[in-house]
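In: This is a predicted model, with the sequence first.
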Amino acid sequence: MTIQVKVLDSPKLREPVLICGLPGSGYVAKIAVDFLVSELKASPLATIYSYSFPPQVLIRSDGSAELTKHEMAYVLGQSQDLILYTGDAQPVNPEAEYELSNKVLDLAEGFGVRRVFTLAAYITGQFVKTPRVFGTATNHEFLKMLIQSGANVMSEGTITGMNGLIIGLAALRGMVGACLLGETSGYVMDPKASHAVLSILKKVLGLEVNLAPLEERARQGEVLRSILESMRKSTPEPQPEKDLGYIS
């Protein structure tokens, strides 16, 4: 068996929404979902192991070694219950991405999920003071909701990896999917873009979550961003004619 799922709890959830954020450029999605898990004190729901993850163990801050994995957690008491999904790394090949995405959606459907949000990075290769958030959805009404909450329409490009794939596969199951992408250079971990994405998601879902700690983390990252921007300006590279809307 290439995928092993350990279900840790079986809560009764009320019209839960699935929010996914896996590692990608700038770690925009993972930073955002990790923050929600911590700030909302999410409860463990399931752990997923797969042969398709990079062959490695990760060393945690306490010095322990742990096999690469994905995790799902749940939150009760919001405007609707939430299932939060993130992990240490994405699968190493396309077939495994499809297989794992479908497995995650199987689990989500089992808990009654009908709406799926993924978070991702909109890579521009430029540092910006105020990141924009772009949105796309598998349903026009869903897309209107994103726009009304402040997202810009993503009108071209692709979203590669599971952060894009999950919403496409969700639509095949009759579920509604949407992706919010935070504008990022793609050069460094970008909590500022994560904050921008969560600011929109908070409006869309009516989340009760304090984003101030993430905003402070973003401010602390400005020093590194400034240094890297100065280095980039001193060694200019050819810039693309237009923004590339994708996550890699």
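Out: Received the coordinates, thanks. Numbers count the residues shown, from 1 in each chain.
In: could you say what helices and strands the helix or strand hosting Lys203 packs with?
Out: Here Lys203 sits within helix 191-205, counting by DSSP states H and E. Helix 191-205 sits against helix 28-39, strand 115-123, strand 133-137, helix 140-148, strand 176-184, helix 212-220, with contacts defined as 3 or more C-beta pairs under 8 Å, 6 or more residues apart in numbering; DSSP states H and E. Quick note: C-beta positions are derived from backbone N, CA and C, even for glycine.
In: what's the spacing between that helix and its chain's center?
Out: Counting by C-alpha atoms, centre = their mean, to the nearest Å, helix 191-205 is centred 11 Å from the centre of its parent chain.
In: max-length helix in this protein?
Out: helix 94-110 (DSSP state H).
In: which sections of this structure are below the confidence cut-off?
Out: Scanning the chain for pLDDT under 70 picks out 1, 220-248.
In: List the residues that contact the residue nearest to the spatial centre of the chain.
Out: Nearest to the mean C-alpha position of the chain, counting by C-alpha atoms, centre = their mean, stands Gly21 at 2.2 Å. Going by C-beta atoms under 8 Å, 6 or more residues apart in numbering, Gly21 touches 28-34, 84-86, 118-120, 163.
In: what do you get if the cut-off is 6 Å, keeping everything else the same?
Out: By C-beta atoms under 6 Å, 6 or more residues apart in numbering, Gly21 lies in contact with Ala29, Lys30, Ala32, Val33, Thr86, Leu119.
In: tell me the contacts of the fourth one?
Out: Contact criterion C-beta under 6 Å, 6+ apart gives Gly21, Leu84, Thr86 as the residues in contact with Val33.
In: residues near the closest residue to Leu107 other than its chain neighbours, how many?
Out: Nearest non-adjacent residue to Leu107, counting by C-beta to C-beta, 6 or more residues apart in numbering: Ala46, 6.2 Å away. By the criterion of other C-beta atoms under 10 Å, Ala46 has 19 neighbours.
In: My guess is Ala46 contacts Met72. True?
Out: Yes: under the criterion of C-beta atoms under 6 Å, Ala46 makes contact with Met72 at 4.4 Å.
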